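> Turn this into a model:
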Amino acid sequence: MTSIPAATGLEVLDVTELVVARQFSFTTRAYLAVDDATGESIGLDEVDTRVGWLLDLISGASADLLTRLWQPGTFDVLAAGSDTQDRKLPAQGHVAAARLGWTPTYPDGIYVPSRVTRVVTAQVTTTLRTLAYRDTAVGALSALFDPATGRFAPPTGREDHVPSGFARGVRRQLIARSRGSEGMQATRLRITDIQSPAQMAAMARLSAADQQLAQLTVAGRELVLTVKLPTCPAPAGRADWRRVRLTAALREYLHDRAVTDWHLPTLAIDCKGLLWRCAATEMVPAADLTAGTVAVGVDWSPSTLGAAALVVHGSDGLSSDFRGWTYDDRGLGVKLARLQTEGQMLHRKSARLTRLAACAPPEVRARLEAKIAVLEAHRTAVDAKRGKVNRELAFHFAGQVTDYAVAAGAQLIAVEDLTTLETRSHGRVNNNRAAQSARRHAVTALAHTAAGAGVVVVSVPAPGSSALCPGCDETLSRPGGYHCAWCPSCRVGGNRDHVASINLAKRVLLGKTKATRRRGQLPAIRVTEHAPVRRCRNKIRPTPPRPRHRRVRRSLPTAIKRLGVNSKQNFPAPQASVWDTVKSSAPKGVVGSRDTRTSLASDTPVADTRDLCRR
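I've put the predicted structure just below:
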């Protein structure tokens, strides 16, 4: 039996079945709230306030418990995976915390139900288990760190290898610590020696509780959540906790999906009020990783989010037409770059005012702090807008790539391993933009969307994908610049991103039988194999849809032009990218492109641009 884990959080089932179960997440908001006992309607603002009181209790208890547990012995217990009686720690966070005696404390006179305590211990245990890996990595790096040179020695074993991005962050912390303590020798440190206790977000994971705290039902196309909330900031007894029934509408894209189970949501408060972060289990078509013969490679492009190409594994070997497909981000990449620049400017200005306020007189400090609060509010709004644009870009890209793979009959989609992919040698600004792009969101969205179509997304090594020839595995030349690739011996080439996509698709077809699988992660191929990819002239890629061009009316105007007033002409914006540095000239007239947004039809004829220029 072969087990296939699909996108994030999938159940591992037998591929002999036609469908498999997988989990996905979505967000929604309540539009109606009533008291469960009396049936009286409750305002949504009051619900937000009561949920805020619940989150304050959970956040305060979590921070206190995490501070008390911030010691090396905690991470030693989690790394060992057993309690004081040598019993294996259970996967449930609140059960493991009860075994280890981790109990949160609350202020005197405040009553909190035991199910809320479960939520607190589950969140703290999950955070500590995540930091246990970092504790091991910090210990390995600190043993290799030389305070005199500020560099790491080469790792001696496989267990000492950590991601380069994480190593750079630890190196900065070790350098700062060595400057503060003169004569510090190379020693093995722990995460508690160089970092303060982690800050946890204000949220309530109701999945750690049972029906005594919350329960979720589905009625038609609505989600009904019944949750127990406090009626005051400091509840003194059971009477200060009352059940509230919240109703939220299901998203339209969830109406026709084969959902088998709805899970309790995670409650959070954002700028719009109460937000539900829900999860559900649905049935999707089963896919076999080892049976794939057609693969699509997706390369993360510096000019757009990604590019794709197709490779077929037939009886005569690997073949491709060396003609790829490039994703059009519809200008969202430029918008993300603008928002990122604005957020960085606000951060720099806020930091400068903070330094000035530290040594300013009291009256001046008050004015500066007011300005800092305004800047931080603007920065929060910019970050929220970036998150929305990133999500829109990620799922639009995932839908386009999945449609391309389904039209080509592909069973596999190869993406670059983001842990080994670092953008360098493009300048500080471009490197920073690429590092903060929506790549990871796009991978998650692609794995989720492709699993619904029965296509498996596999992670493959990234090094050398755009520098080596798919045919002979030799270094490619750049006769036309950075974006051009050509192999003189094989006489194949083209766009640099398309050639890289062919290499990625080739690697997933050659290493599909050696893929490693870890729960919660994509199937990954760690070893790069080579086989020549011949160029075929058969059409194996799908033809992209081409919408018809709209007609443009070019009749003469009936109204007389007013003297002394310049007429304003609207032109379609050129397709831009994050990496464009040359300003394109404005077009000389509206040509009626499908990329031009038109308004409703008007009764007034439109003048010809050439006639207006003659005048």
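> Would you map the helices across the stretch 401-550 of the chain?
According to DSSP state H, counting those that start in this stretch, the stretch 401-550 of the chain carries its helices in the segments 428-435, 439-452, 496-510.
> Same question for the stretch 101-250 of the chain.
Assignment of helices within the stretch 101-250 of the chain using DSSP H, counting those that start in this stretch yields the ranges 114-144, 164-180, 191-194.
> Which residues are in contact with Pro235?
Applying CB atoms under 8 Å, 6 or more residues apart in numbering, we find Pro235 in contact with 110-112, 241. For the C-beta atoms, the positions are set from N, CA and C on the backbone; glycine is no exception.
> Identify those among the residues you listed that sit within strands.
Counted as lying in strands by DSSP state E, out of the contacts of Pro235, are Trp241.
> Just the buried ones from the contacts of Pro235?
If you count burial by 16 or more other CB atoms under 10 Å, the buried members of the contacts of Pro235 come out as 110, 112, 241.
> What is the nearest of the residues you listed to Asp86?
Distances from the buried ones among the contacts of Pro235 to Asp86 were compared by CB to CB; the smallest belongs to Val112, at 32.2 Å.
> got a list of what the closest one touches?
Going by CB under 8 Å, 6+ apart, Val112 touches 57, 61, 106, 235.
> any idea of the pLDDT on it?
pLDDT, Val112: 95.
> Any chance of the backbone angles for it?
As for Val112, its main-chain torsions (degrees, to the nearest 10) stand at phi -130, psi 130.
> For the stretch 201-350 of the chain, which segments count as strands?
Secondary structure of the stretch 201-350 of the chain by DSSP state E, counting those that start in this stretch: the strands cover 203-205, 214-219, 222-230, 241-249, 259-270, 273-285, 294-299, 307-314, 317-320, 325-326.
> Determine which of those strands approaches Asn538 most closely.
For these, proximity to Asn538 was assessed by CB to CB; strand 317-320 is nearest, at 8.0 Å.
> How about that closest one, which residues are buried there?
By neighbour count with 16+ other CB under 10 Å, strand 317-320 contains the buried residues 318-320.
> Can you tell me which of the residues you listed comes closest to Arg129?
Leu318 (42.2 Å).
> what residue ranges in the stretch 151-300 of the chain score low on pLDDT?
Applying pLDDT under 70 to the stretch 151-300 of the chain flags residues 157-160, 180-186.
> For the spatially most central residue of the chain, list the residues it contacts.
With the centre of the chain defined as its mean C-alpha position, the nearest residue by CA atoms, centre = their mean is His441, 2.8 Å away. Each residue near His441 by CB under 8 Å, 6+ apart is listed here: 390-391, 393-394.
> Of the helices of the stretch 401-550 of the chain, which is nearest Pro285?
With CB to CB as the criterion, Pro285 lies closest to helix 439-452 of the helices of the stretch 401-550 of the chain, at 7.7 Å.
> I'd like the mean pLDDT over that closest one, please.
The predicted model gives helix 439-452 an average pLDDT of 89.
> Stretch 495-508 now?
Mean pLDDT, stretch 495-508: 91.
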